[in-house]
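# could you look at this predicted model? Sequence included:
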Number of protein chains: 2
Amino acid sequence: MRIRDLPTPALIIDATALAQNVATMSAALPGARLRPHVKAHKCTALAAVQAAAGHRSFTCATPREVLGMAANGLGHDLLLANESVDPTRLRAMAAAQDSARITIAVDSVATIDAAAAAGIHDVLIDVEVGLPRCGCAPTDAGRLADHARAAGLVVRGVMGYEGHLMMVSDREAKRAKVAGAMDLLLAAHADVGGDIVSAGGTGTFDLHDRVNEVQAGSYALMDTQYGTLGLPFTQACFVVGTVVSSNGRHAVADVGLKALGMDHGNPAAMTLIEDAGTDGIAGGTSTDVWFCSDEHVTISSVDGQTRVDARVLIIPAHIDPTVAMHEVAWLVRDGEVIDRWPIDLRGW
Amino acid sequence: MRIRDLPTPALIIDATALAQNVATMSAALPGARLRPHVKAHKCTALAAVQAAAGHRSFTCATPREVLGMAANGLGHDLLLANESVDPTRLRAMAAAQDSARITIAVDSVATIDAAAAAGIHDVLIDVEVGLPRCGCAPTDAGRLADHARAAGLVVRGVMGYEGHLMMVSDREAKRAKVAGAMDLLLAAHADVGGDIVSAGGTGTFDLHDRVNEVQAGSYALMDTQYGTLGLPFTQACFVVGTVVSSNGRHAVADVGLKALGMDHGNPAAMTLIEDAGTDGIAGGTSTDVWFCSDEHVTISSVDGQTRVDARVLIIPAHIDPTVAMHEVAWLVRDGEVIDRWPIDLRGW
């Protein structure tokens, strides 16, 4: 089966680009230095590729990701880098501790008490390092670690996600800002103790010589936003669409905003050079995206020639929510579909 | 079970508000004057409520919606208001014609020939009336109808979606613009013939005295964007979140951009007055949304008091893609969960 035989919209992953991205990251952050974030792909088959490259510890964003990874033999060391006070889900993760090591992020007395009540063994103190989201104040981390230990929990260390710095374009400014954020995290770690100091993402993966693991996820598949940063990773994931309507001015393909994460704005688009394999993916003709509707993307017709039934490649602006909208990803190499990977960690 | 017992993020539908919206629309556009668009809810249980209100003809955006409606006994008169050249899906819809009446939109020789080759019986000519998406030029509609009839297809009429006019805020300007778009559609209909002239949406539902059916969908559940228009419909759908992190400044709930359509920007948020039922939904305290992340929304803490484990109600900015991200909707009345409705028409 080739790309044009897939029912569209079809999420495809270029096996060659994926392998390159995984190899590049593994060279920079080998083994446990990288804790790949599965929220970017929600796919245990892809996580298995990362594990085969030496990364056996993973970051998760939802209980379903944790449980799905554990159920698929990828539970060597799973971090839920997120808070939960849901007793049912916490108990489900606690039950999975027999076969998996599961560590839960906590940032308050309430989240610590919920974890302890559910029978969770291991936690890590989540510290706010500048992004106004989860995480305790750095100066509060030691107190929370004491509370967790008093509740019988093992405190494995700290994490702090500097998500507000991912898209800083000036590299030296970014380096300085990341250093400032990590100053906060390391100060908290001094109060907390434990073996783990975890931070970072794809946009800062090479600026972390003071933490012992980086939580990057998007590097494996990439998107147009991270593509602006000059990172050493290439676009490995596309949504294939079929042109269903066309005139000399615009064409309409069946990839709409129900198949694309839209919080980073419109995707990019290019024609697919059919039967040209990887070069076809890299070498298509870019064309302007006018707008997305529920089930459609309107693009400029290429030289007025984009015909009905042609295939186009849509490049997601934000990879994480895009993947989460699809039931399956198709692995392709040289235009041939070589595997079907369920997006099996969707949902909550 | 009450709202706060639901695992979050939880898509909930307020049964009272839904019933009001359906009744209001049915009074304005009774029976076949409304062809409800199922793309807004992707839920056969909700479609059954619309059918019980007298609307037995439905609009669909994807083959899966058509097939799911037919399989659930809602196939009295299904219009795929979208083009397809997928032989497999067209054949699947053709096979469903034994038990359902299925009409496919076409706007080109290619889409007509694909429908005929697959064994589809009924088509309708899709006409572009100003929105640069699918639809033929109005002056081309007659030629395409002739081609379709020559191919053995029954041409039931025309449709033309004036989607570019939905959000025009000045009512008289909107009336004039819709009239101009319908001039184009009616001119095309004069060349095409057939019983159906189909157009419109929630934003123009009451401006269509010259077509015989309106394709509104969002009116049943609503969203913040349509909520700005002063329509006689109230918000009936929310995503319930649990606060998992909070400080005196901001709080973070577990409703992120993987649970919300983001193409219309951020959602709105309010606290949930627990155990207060419908009044609780309507009467919560609004609070500012700072930003959405994959699995989180950061909001202002209400008076610095929003505590971990509180529930918040997130009001989607765009209902269609929001619903499509959820596996199930929970029907609630007076705070009590009274039914579980699978979002069974997701996907393509």
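Yep, that arrived.

# can I assume residue A:248 is in contact with residue A:302?
No - taking contacts as CB atoms under 8 Å, residue A:248 lies outside contact range of residue A:302: 11.0 Å. Placement of C-beta: from N, CA and C, glycine included.

# so the two - more neighbours on which side?
residue A:302 (19 against 10; other CB atoms under 10 Å in any protein chain shown).

# state the pLDDT value of that one.
pLDDT for residue A:302: 89.

# also residue A:275?
At residue A:275, pLDDT is 53.

# center of chain A - which residue?
Centroid-nearest residue in chain A, with CA atoms, centre = their mean: residue A:40, separated by 1.8 Å.

# hey, which helix is longest across chain A?
Secondary structure of chain A per DSSP state H: the longest helix is helix A:171-192.

# how about the residues of the stretch 151-300 of chain A near chain B?
Within the stretch 151-300 of chain A, the positions near chain B by CB under 8 Å from any CB of the partner chain are A:163, A:242, A:244-247, A:249-250, A:252, A:254, A:257-259, A:261-263, A:290, A:292-296, A:298.

# of those residues, select the buried ones using a PyMOL command.
The buried residues among those can be selected in PyMOL (16 or more other CB atoms under 10 Å in any protein chain shown) with this line:
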select buried, chain A and resi 163+242+244+245+246+247+250+252+254+257+258+259+261+262+263+290+292+293+294+295+296+298
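
# show me the residues of the stretch 151-300 of chain A next to chain B that map onto strands.
A:242, A:244, A:245, A:246, A:250, A:252, A:290, A:292, A:298 (DSSP state E).

# okay, these in TSV with pLDDT and distance to residue A:323 next?
Formatted as TSV, those follow (pLDDT from 0 to 100; distance: CB to CB, whole Å):
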residue	pLDDT	distance to residue A:323
A:242	97	20
A:244	98	23
A:245	98	27
A:246	96	28
A:250	97	27
A:252	98	23
A:290	98	24
A:292	98	17
A:298	98	23
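
# residue A:324: which of the residues you listed is nearest?
Using CB to CB, residue A:292 is the member of those that sits closest to residue A:324, with 16.6 Å.

# buried residues in the helix or strand harbouring residue A:69, which are they?
Residue A:69 is part of helix A:63-71 when elements are defined by DSSP states H and E. For helix A:63-71, the neighbour count (16+ other CB under 10 Å) marks A:63, A:64, A:65, A:66, A:67, A:68, A:69, A:70 as buried.

# end to end, how far does stretch A:70-82 reach?
End-to-end distance for stretch A:70-82, by CA to CA, to the nearest Å: 17 Å.

# can you give me the offset of it from its chain's centre?
Offset of stretch A:70-82 from its chain centre (CA atoms, centre = their mean, to the nearest Å): 15 Å.

# and stretch A:53-69, by the same measure?
Stretch A:53-69 sits 11 Å away from the centroid of its parent chain (CA atoms, centre = their mean).

# that stretch near chain B at all?
Yes - Stretch A:53-69 is in contact with chain B by CB under 8 Å from any CB, via A:61, A:62.

# OK, contacts around residue A:87?
Applying CB atoms under 8 Å, 6 or more residues apart in numbering or on different chains to residue A:87 gives the contacts A:114, A:117, A:118.

# ok, the last one touching residue A:85?
No - the pair residue A:118 and residue A:85 fails to qualify as a contact (CB under 8 Å) at a distance of 9.7 Å.

# neighbour count winner among those two?
Between residue A:118 and residue A:85, counted using other CB under 10 Å, the more crowded position is residue A:85 (24 against 20).

# backbone phi and psi for the more buried one, please?
phi -120, psi 20 (degrees, to the nearest 10).

# repeat that for residue A:199.
phi -160, psi -180.

# tally up the residues packed near it, please.
Under the neighbour criterion other CB under 10 Å, residue A:199 is assigned a count of 25.

# name the SS class of residue A:133, please.
coil (DSSP: H, G, I helix; E, B strand; the rest coil).

# who's in contact with it?
A:161, A:163, B:245, B:252, B:293, B:296, B:298.

# and it, what pLDDT?
The model's pLDDT for residue A:133 equals 97.

# and it, how far from residue A:103?
Counting by CB to CB, to the nearest Å, the separation of residue A:133 from residue A:103 is 19 Å.

# follow-up on the earlier one: which of the residues in the longest helix of chain A are buried?
Burial within helix A:171-192, assessed by neighbour count using 16+ other CB under 10 Å, is assigned to A:174, A:177-178, A:181-182, A:184-189, A:191-192.

# now for that helix, which elements pack on it?
helix A:141-150, strand A:154-160, strand A:196-199 (3 or more CB pairs under 8 Å, 6 or more residues apart in numbering or on different chains; DSSP states H and E).

# what angle sits between it and helix A:141-150?
With axes from the mean of the first three to the mean of the last three CA atoms, to 10 degrees defining the directions, helix A:171-192 sits at 40 degrees from helix A:141-150.

# so what touches helix A:171-192?
Helix A:171-192 is contacted by residues A:125, A:127, A:129-130, A:138-139, A:141-142, A:144-145, A:155, A:157-160, A:162, A:165, A:168, A:197, A:199, A:204, A:207-208, A:210-211 when judged by CB under 8 Å, 6+ apart.

# let's go with 6 Å and repeat that
Residues outside helix A:171-192 that contact it (CB atoms under 6 Å, 6 or more residues apart in numbering or on different chains) are A:125, A:127, A:129-130, A:138, A:141-142, A:145, A:158, A:160, A:162, A:165, A:168, A:197, A:199, A:204, A:207, A:210.

# okay, it in CSV with CA atoms only?
Taking C-alpha atoms only, helix A:171-192 is exported to CSV below (Å, rounded to 0.1, in the frame of the first residue of the first chain):
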residue,chain,number,x,y,z
ARG,A,171,19.9,31.7,21.5
GLU,A,172,22.0,33.6,24.0
ALA,A,173,18.9,35.2,25.6
LYS,A,174,17.3,31.8,25.8
ARG,A,175,20.4,30.3,27.4
ALA,A,176,20.4,33.0,30.1
LYS,A,177,16.7,32.7,30.8
VAL,A,178,16.9,28.9,31.0
ALA,A,179,19.8,29.3,33.4
GLY,A,180,17.7,31.6,35.6
ALA,A,181,14.8,29.1,35.6
MET,A,182,17.2,26.3,36.5
ASP,A,183,18.6,28.4,39.3
LEU,A,184,15.1,28.3,40.8
LEU,A,185,14.8,24.6,40.3
LEU,A,186,18.2,23.7,41.7
ALA,A,187,17.5,25.9,44.8
ALA,A,188,14.3,23.9,45.3
HIS,A,189,16.2,20.7,44.8
ALA,A,190,18.7,21.6,47.5
ASP,A,191,15.7,21.8,49.9
VAL,A,192,14.0,18.6,48.5
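
# good, wrapping up.
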